[in-house]
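**Q** Fold the following, please.
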Amino acid sequence: MEKSTALEMIAAISNANGVSGFEDEVVSAILPYAKQVGETTVDRMRNTFIHRTGNTGARPVVQLDAHSDEVGFMVQAICPNGTLRIIPIGGWVTSNIPAHIVRVRTRDGQYIPGLTASKPPHFMTEAERKAPLEMNNITVDVGATSAEEAIHDYGIRIGEPVVPDVTFTYNEKTDLMIGKAFDCRAGCSAILKTLHDLKDETLNVDVVGACATQEEVGCRGAVVTANTINPDIAIVFEGCPADDTVVEKYMVQTAIKHGPMLRHIDAKMITNPHYQRYALDLAEELGIPVQDSVRSGGATNGSAIHLSNKGVPVIVIGIPVRYIHTHYGIAAYSDFENSVKLACALLKRFDKELIYSF
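**A** Numbers count the residues shown, from 1 in each chain. So this is what the prediction gives:
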């Protein structure tokens, strides 16, 4: 897949609206690229499966995973003044939420703009100014002046999803992508580019890509995809929080423009050390820049996949993204490209003997 096509694909998938449980637009963005490389199916959770062309059904199965949902919000109530009370979907820092444009889905399925709002300082008491911002003090304002107007004229309903209003951009000079939902639309794009780049290759394994739903609320989709695919081994692509602007220099392990991050541990998975070391050594052998890290928190779909099918060796190929779980992310295309290169190299080397050695 050419770089220009890959960027068009990343943009389309990143721009799609899809908080956890409402990933339909993301599926629609994925399918045109997925159908070029295999047989596609979509289950009742909106998990998307891509069975690579050339699979035989008689070889070890490799699952390529990423999640298709993004962090966002849901309309909890409509206030008498026409503003909307919301709850977070996925992990947010409350102070990052206000003063941003969002998209609110209406009863006819269209998304309309709104503004995340909090009380202006002019109307705050001294105690309110000093107090930390709480979620129940944040609303979305679509411009309605009453609850009746919000419901009847704007089409707002309780339970509708709300997503950041961000459009993907890429700067060729800096090699930087800016957009929303790189956690983990960058991973979904990496699955697709991996399958495209291996389209004419003969492999010794069957490969199934799975873009799983509802990761941000507990890796729910991956429980289903792992039980459906029954993999022998897996590669999890993830948009991982870059740390190069927030920790001491000697602690930086997920910097942008330094290659994908392979984590040894997080809060819910100790990475299979034999598989992890093989991947790190292969990257070194092939000159693919990577970063290995030890994480005390966080988790990925690997937490669900590695506990399936009597235990599955899993590595996480993490694409560093600055400021995930906010409205905007910054990522380097080179890190995306090197993530795909490593996945392709692994898939070319995999066979039954190697997989079972892990």
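**Q** moving C-terminal of the lowest-mean-pLDDT helix or strand in the chain, what's the next helix or strand?
**A** Using mean pLDDT, DSSP states H and E, the weakest-scoring helix or strand in the chain turns out to be helix 126-130, at a mean of 90. Where DSSP states H and E defines the elements, the next helix or strand beyond helix 126-130 is strand 139-141.
**Q** Name the residues of the following helix or strand past that following strand that come out as buried.
**A** As assigned by DSSP H and E, the chain's next helix or strand after strand 139-141 is helix 147-152. For helix 147-152, burial by neighbour count (16 or more other C-beta atoms under 10 Å) applies to 147, 149-151. Backbone N, C-alpha and C define where each C-beta goes, glycine included.
**Q** which one of these is nearest Val290?
**A** The nearest member of the buried residues of helix 147-152 to Val290, counting by C-beta to C-beta, is Ala150 at 49.3 Å.
**Q** quick one: contacts of the one helix or strand Tyr356 maps to?
**A** In this structure, Tyr356 sits in helix 352-357 according to DSSP H and E. For helix 352-357, the surrounding residues in contact (C-beta atoms under 8 Å, 6 or more residues apart in numbering) are 59-60, 204-205, 232-233, 274, 278, 313.
**Q** how about 6 Å then?
**A** With C-beta atoms under 6 Å, 6 or more residues apart in numbering as the test, helix 352-357 has contacts from 60, 232-233.
**Q** got it, and stretch 285-292?
**A** 253, 258-262, 280, 283, 338, 341-342, 345.
**Q** can I get those residues in TSV with distance to Asp69 and secondary structure?
**A** Converted to TSV, the contacts of stretch 285-292 look like this (distance: C-beta to C-beta, whole Å; DSSP: H, G, I helix; E, B strand; the rest coil):
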residue	distance to Asp69	secondary structure
Gln253	25	coil
His258	27	coil
Gly259	26	coil
Pro260	21	coil
Met261	21	strand
Leu262	23	strand
Leu280	29	helix
Ala283	29	helix
Asn338	25	helix
Lys341	26	helix
Leu342	24	helix
Ala345	28	helix
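**Q** So which of these is surrounded by the most neighbours?
**A** Among the contacts of stretch 285-292, Pro260 has the most neighbours (other C-beta atoms under 10 Å), with 30 neighbours.
**Q** Low-confidence bits of the stretch 101-250 of the chain, can you list those?
**A** Nowhere does the stretch 101-250 of the chain drop to pLDDT under 70.
**Q** Tell me where it has strands.
**A** Per DSSP state E, counting those that start in this stretch, the stretch 101-250 of the chain carries strands over the ranges 101-105, 111-117, 139-141, 161-164, 169-171, 176-179, 206-212, 233-241.
**Q** Give the other helices and strands that the fourth one contacts.
**A** Read it as strand 161-164. With contacts taken as 3 or more C-beta pairs under 6 Å, 6 or more residues apart in numbering; DSSP states H and E, strand 161-164 sits against strand 72-78, strand 101-105.
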